[in-house]
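1. sequence plus the predicted model coming up.
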Amino acid sequence: MEIISQFLREQRRYSKNELANLFCLDETSVEKFIKALKAYSVLKTVRNNPEQKEMSDLSEADVEIADETADNDTYLYVFTFVGVLVFGNRILKIYPKYLLRTTDILPAMRQVLKVLEKYNNSTEQIVSLFNGEGDNRSFNLLSVILFLFHDYYEYGLYTNSEMVLEINGEGDIQWQKTIDETFPIISRNRPFYTEIYTRKVTYDDDDFFRRLHRVILTECSSRLSKAQLIDLFELDPLLLSEETIDDLGDREFILHRILQELDVQFNTRKQILLKTMYSFISENQKMEDAGMGISIFGTTAFNMVWEKVCGQVFNNQLQSQLETIPLPQPLDQFRYKPNKKLIDVIEKPVWVAKDNEYVKNAKDTLVPDLITFVHNSGETMMIILDAKYYNLQMEKAKSLRGQPGIESITKQYLYQMAYQDFADRHGITGIRNCFILPTEENEVINKGHVELKMLKDLYLEDIQVRQVPAAKIYSNYLANRQMDIESLELG
């Protein structure tokens, strides 16, 4: 079966005919294709009109609940997802919406996938085995394959070791057993042992689960290669076995052996690996029997990824304790507790009952994306950044489009108001506000600022607008480096 693999741009408007042509689908197949993608919330439907065709960002108001079988000219289809989708023999490689002019998508997509991998990693090493819920629940084969690859890179093949006792071997000497069970020669009141017990660890290369692991990795590598994804994820092909899964026994026998091994294994990594191999064999068989299934690696909320990445790269101190932040003047401990966090400086709403009968404090309040500090020439500046995942069109000959909404603007002003007293009490020279948006360009682009006169009249700072090079941001994020905040030139 021929693999059809295509790059697509997030939030670009595609017609039904375009999708059919890209993936070689007939009328019935393209409707099934669209319906399946919508069921997993990676595809949205909007009205087909000139205004929609020129938009690069999608709001909830744009989305229509539409009949997937509508005429070709009635609706446009928008991918609200970044990552890789595998639908049968169709491979969808969906790159971020800000890549508008880049012609060589492959390097950019490789970097984005690395960012997604790091973002998704958890210390508990949880494998996302399924997509969707209920009737739309589907085995996430791609996620499982990627886990198996990275587990192998870090830990190698599954091993079952055995401790073997030897006499005069090359392993560690077992002194207690030697003293208890052998007879020494006494010379000059000192014991000399002619036979010494030693212990070594042996590994059985023909162990059933080691063979199974090799077979599964080889099959996973073959599948990624056939799907043209081995290069995209920058993985090394794994050709570890000439056996097949069927050579090890039928599926029921293999699954039974894995369950038996799980009963005697208490190593956490081995338990996770065994469970993953079990799912690969059992669920993969179901997918083959049904002849369908969707595998997903990516996110429908890339804006959250952008926020997290910017927070790390620009040294977000919102969750830092006040006593750890270098302030120009000592912390006012009468007003602020040293163990409180910078986010705790923002006051929370207080609900007061009629006639002041009782008072209730709300749990939630304003939460900026990230706050950092710049220390230069004896002065300290507080920088409040809002990471916005927008395609901003702000050019002289074109209409304003893709900009943050009024609620984002007013909140950014309020953040300055919330921290103004804290800044004044601790000798902070000033506060700067800024929206930071991704761009495919290689340098920071100063797009100007946005102002709201009624709030500017309260002596609040205009909100600066900067497009920052996404590739450089990602490179720093992946290398755990920070980016010089002064490159934003906020004044």
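-> Arrived safely.
2. helices of the stretch 101-250 of the chain, start to end?
-> Along the stretch 101-250 of the chain, the stretches classed as helices by DSSP state H, counting those that start in this stretch are 105-120, 141-155, 175-181, 208-226.
3. weakest of those by average pLDDT?
-> Comparing mean pLDDT across the helices of the stretch 101-250 of the chain, the lowest value falls on helix 175-181: a mean of 80.
4. what residues does it touch?
-> L165, Y193, E195, I196, Y197 (Cβ atoms under 8 Å, 6 or more residues apart in numbering). The way it works is simple: take the backbone N, C-alpha and C, and place the C-beta from them, glycine included.
5. can I get the helices of the stretch 101-250 of the chain in a markdown table with distance to Y14?
-> Output for the helices of the stretch 101-250 of the chain, formatted as a markdown table (distance: least, Cβ to Cβ, whole Å):
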| stretch | distance to Y14 |
| --- | --- |
| helix 105-120 | 16 |
| helix 141-155 | 22 |
| helix 175-181 | 72 |
| helix 208-226 | 25 |
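6. could you check how far the spatially closest residue to A362 that is not a sequence neighbour is from N361?
-> Distance criterion Cβ to Cβ, 6 or more residues apart in numbering; nearest residue to A362, sequence neighbours excluded, is P349 at 4.2 Å. Distance of P349 to N361, computed by Cβ to Cβ, to the nearest Å: 8 Å.
7. check V367 too.
-> 16 Å.
8. please apply the same query to R199.
-> The gap separating R199 from N361 is 63 Å, by Cβ to Cβ.
9. the more surrounded of the two?
-> R199 (14 against 10; other Cβ atoms under 10 Å).
10. quick one: the more buried one and E170 touch, right?
-> No - contact criterion Cβ atoms under 8 Å: R199 and E170 do not qualify, at 10.4 Å.
11. looking at this, Y77 is in a strand?
-> Yes - counting by DSSP: H, G, I helix; E, B strand; the rest coil, Y77 is part of a strand.
12. give me the neighbour count for the nearest residue to it once chain neighbours are set aside.
-> With Cβ to Cβ, 6+ apart as the criterion, Y77 has its nearest non-adjacent residue at 4.9 Å, and that residue is Y14. As a burial measure, Y14 scores 17 neighbours (other Cβ under 10 Å).
13. ok, Y14 - contacts?
-> Y14 is in contact with L8, L22, L76, Y77, V78, F79, counting by Cβ under 8 Å, 6+ apart.
14. what's the closest of those residues to F149?
-> Nearest to F149 among those, counting by Cβ to Cβ, is L8 at 24.3 Å.
15. which secondary structure element contains the closest one?
-> strand 4-9 (DSSP states H and E).
16. touching that strand from outside, list them.
-> If you take Cβ under 8 Å, 6+ apart as the criterion, strand 4-9 is touched by 14, 22-24, 79, 89-97, 99-100, 105, 109, 227-228.
17. buried stuff in it?
-> Applying a neighbour-count criterion of 16 or more other Cβ atoms under 10 Å, one finds I4, S5, L8, R9 buried in strand 4-9.
18. check stretch 346-363 too.
-> Neighbour-count burial for stretch 346-363 [16+ other Cβ under 10 Å]: I346.
19. going forward can the numbers begin at 3, since that is how I track them
-> Got it, the first residue is 3 from now on, which makes the last one we talked about stretch 348-365.
20. pretty sure S297 contacts L144?
-> Yes - with contact defined as Cβ under 8 Å, S297 reaches L144; the gap is 3.5 Å.
21. of these two, who's got more company?
-> More crowded of S297 and L144, by other Cβ under 10 Å: L144, with 26 against 23.
22. surely the more buried one meets F299?
-> Yes - with contact defined as Cβ under 8 Å, L144 and F299 form a contacting pair (4.9 Å).
23. I am finished for the moment; much appreciated.
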